[in-house]
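A.B. asks: Quick one: sequence and predicted model below, then my questions.
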Amino acid sequence: MRVLSEGDCFGEMAMIGLYPRSGSAQAIEDCRAIKITSGILHEIHEKNPEQFTLILMNMARDLSRRLRNVDNLLLGTLAKHHLREPE
């Protein structure tokens, strides 16, 4: 679970990977969200390739940042496990 802030996106794995979504979102306070379906993304691609590229690059950057965070957490967990004194 994570708390999103202004400008964050979610659901991009389903858009990029073409797999069904693996999670859901719930607002904890009033907010606004922009829904971009794969159909809308396709329309943007046809009408404005530059905007399409910016959207995809932002989604990819967010995925990369989140993957890097998970990698760091995993590495920290593994390091703690291997550095523990034998029981």
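C.D. replies: That came through, no problem.

A.B. asks: use CA for all of it now, contacts and neighbours both
C.D. replies: OK.

A.B. asks: Next one: the residue most central in space within the chain relative to Glu43, how far apart?
C.D. replies: Nearest residue to the geometric centre of the chain (CA atoms, centre = their mean): Leu63, 4.3 Å. According to CA to CA, to the nearest Å, Leu63 and Glu43 sit 23 Å apart.

A.B. asks: For Met13, give me its contacts.
C.D. replies: The contact partners of Met13, by CA atoms under 8 Å, 6 or more residues apart in numbering, come to Tyr19, Arg21, Leu63.

A.B. asks: please redo it, this time with the cut-off set to 10 Å
C.D. replies: Taking CA atoms under 10 Å, 6 or more residues apart in numbering as the criterion, Met13 is in contact with Tyr19, Pro20, Arg21, Ser22, Met59, Ala60, Leu63.

A.B. asks: Next: Met59.
C.D. replies: Going by CA under 10 Å, 6+ apart, Met59 touches Asp8, Cys9, Phe10, Gly11, Glu12, Met13, Met15, Ile16, Thr53, Arg65.

A.B. asks: Filter those down to the buried ones.
C.D. replies: Phe10, Gly11, Glu12, Met15 (16 or more other CA atoms under 10 Å).

A.B. asks: Need these in JSON lines (columns: distance to Val3).
C.D. replies: As requested, the buried ones among the contacts of Met59 are exported to JSON lines (distance: CA to CA, whole Å):
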{"residue": "Phe10", "distance to Val3": "11"}
{"residue": "Gly11", "distance to Val3": "14"}
{"residue": "Glu12", "distance to Val3": "16"}
{"residue": "Met15", "distance to Val3": "20"}
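
A.B. asks: Can you tell me which of the contacts of Met59 is closest to His82?
C.D. replies: Arg65 (25.7 Å; CA to CA).

A.B. asks: Mind pulling up the pLDDT for Glu85?
C.D. replies: On pLDDT, Glu85 comes in at 61.

A.B. asks: Following the chain onward from the least confident helix or strand in the chain by mean pLDDT, which element is next?
C.D. replies: In the chain, the helix or strand scored least confidently by mean pLDDT, DSSP states H and E is helix 12-17, which has a mean of 80. Per DSSP states H and E, the first helix or strand lying C-terminal to helix 12-17 is helix 38-47.
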